[in-house]
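[1] Sharing a sequence plus its predicted fold:
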Amino acid sequence: MLPDMIVTSANICQIAVPFIAVSAYFPQWIKLVRNKSSEDLSFFAWCLWTLSSCFTLFYAIVQLQLNGRGWPLITSSALSLIFVIFTVLLIF
């Protein structure tokens, strides 16, 4: 069994993931809105990232059901999926 401090640190790191990710997405969103052009971006790649994010969220939910833990993973997975879908909508 891992010490509580390590588990807590891992949870905090997982919760930080969406905040780090949005700091990367935000400039892209601004560029897409300002330029009104997505020709430099691959729509197909973003669709694959959407599928990947769906699988990640599905895995997190299953792990929560199995272990009774995992809210940080679900939170970061759900937010990542939202960010990816938003990007796809901007590209589309």
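    Happy to help now that I have it.

[2] Quick check: the residue nearest to the spatial centre of the chain vs Leu32, distance?
    Residue closest to the mean C-alpha point of the chain, counted by C-alpha atoms, centre = their mean, is Ser80 at 1.6 Å. Distance, Ser80 to Leu32, using C-beta to C-beta, to the nearest Å: 18 Å. Where you see a C-beta, it was placed from the backbone N, CA and C, and this is true even at glycine.

[3] For Phe58, give me the pLDDT.
    Per-residue pLDDT puts Phe58 at 95.

[4] What strand or helix carries it?
    Assigned by DSSP states H and E, Phe58 belongs to helix 43-67.

[5] Identify all contacting residues around the helix or strand following that helix.
    As assigned by DSSP H and E, the chain's next helix or strand after helix 43-67 is helix 71-91. Residues outside helix 71-91 that contact it (C-beta atoms under 8 Å, 6 or more residues apart in numbering): 11-12, 14-15, 17-18, 21-22, 25, 28-29, 32-33, 38, 41, 43, 46-47, 49-50, 53-54, 56-57, 59-61, 63-64.

[6] Around the closest residue to Tyr59 other than its chain neighbours, count how many other residues there are.
    Nearest non-adjacent residue to Tyr59, counting by C-beta to C-beta, 6 or more residues apart in numbering: Ser77, 7.8 Å away. Other residues within reach of Ser77, judged by other C-beta atoms under 10 Å, total 23.

[7] Look through the chain and report the residue furthest from the middle.
    Outermost in the chain, C-alpha atoms, centre = their mean: Met1 at 28.1 Å.

[8] Might you report the residue contacts of it?
    No contacts exist for Met1 under C-beta under 8 Å, 6+ apart.

[9] residues near Ile85, how many?
    For Ile85, the count of nearby residues is 15 (other C-beta under 10 Å).
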